[in-house]
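**Q** Build me a model from this:
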Amino acid sequence: MRRGSGRQGHALGERASYAPACQAADQRRPPKRTESLSLTELRERWRTSAIRAFGACTDYRLAERPRAAAAAGSARVRPLADVVLAAVDTVAVVYVMRCAFARHHLLAEARRHLSYALRGRPHQPGLDQRIVQAAVDDRTRPVGRGRRMTADLRALYRAASRTRPCCAR
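**A** Okay, the predicted model is just below:
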């Protein structure tokens, strides 16, 4: 039998030789660790390895560059909360989740919207209430006799068509 040939005496094809090659690679590979490390432990190991390889000064300078760049970027870009856009987004999300909703559903979604848009930065007191009020006044209509409401789709589409250009025309 020739070297690299199969049991039948002919050379293995590309597909057939793939499985034995994977098997050989697995046999030569060192065994994996069974314990998992936390992110803190991994970072400490990486930092120790970088200090060993490049020195403490280089490690410190390399870590300082991204911090400075992030601080400069966040100083230039101040997050804004557009009440009208937030109201449209809030009503759209709540409407998708539930057809008829109450004011407290809008309030919860407005707060989620602010936490995402402002990324945890403080905002003006009552901004969430202003978003809900704009949503109730301009983007919803009452349903039934209770305090339930639903999205006013004409108002939502009108607002969306003003903010985004339509390519379908």
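**Q** And the spatially most central residue of the chain, how far from residue 24?
**A** Centrality entry for the chain: nearest residue to the mean C-alpha point is residue 116, 10.1 Å, by C-alpha atoms, centre = their mean. Applying C-beta to C-beta, to the nearest Å, the value for residue 116 to residue 24 is 49 Å. Heads up, the C-betas are built off the backbone N, CA and C, glycines and all.
**Q** tell me the mean pLDDT for the helix or strand containing residue 27?
**A** Assigned by DSSP states H and E, residue 27 belongs to helix 14-28. The average pLDDT within helix 14-28 is 81.
**Q** quick one: pLDDT of residue 10?
**A** 67.
**Q** Let me fix that, I meant to ask about residue 5.
**A** Value for residue 5, per-residue pLDDT: 52.
**Q** May I see the buried residues of stretch 12-19?
**A** Using 16 or more other C-beta atoms under 10 Å as the test for burial, stretch 12-19 gives residue 12.
**Q** and residue 94, helix, strand or coil?
**A** helix (DSSP: H, G, I helix; E, B strand; the rest coil).
**Q** Neighbours of it, how many?
**A** A count of neighbours around residue 94, defined by other C-beta atoms under 10 Å, yields 24.
**Q** distance of it from residue 103?
**A** Using C-beta to C-beta, which is the criterion applied here, residue 94 is 10 Å from residue 103.
**Q** Flag the helix or strand of this protein with the lowest per-element mean pLDDT.
**A** When each helix and strand of the chain is scored by mean pLDDT, DSSP states H and E, helix 153-163 comes last, with a mean of 63.
**Q** so where is the chain shaky, pLDDT-wise?
**A** For the chain, the stretches with pLDDT under 70 are 1-10, 73-80, 156-169.
**Q** ranges for the strands of it?
**A** 140-142, 149-151 (DSSP state E).
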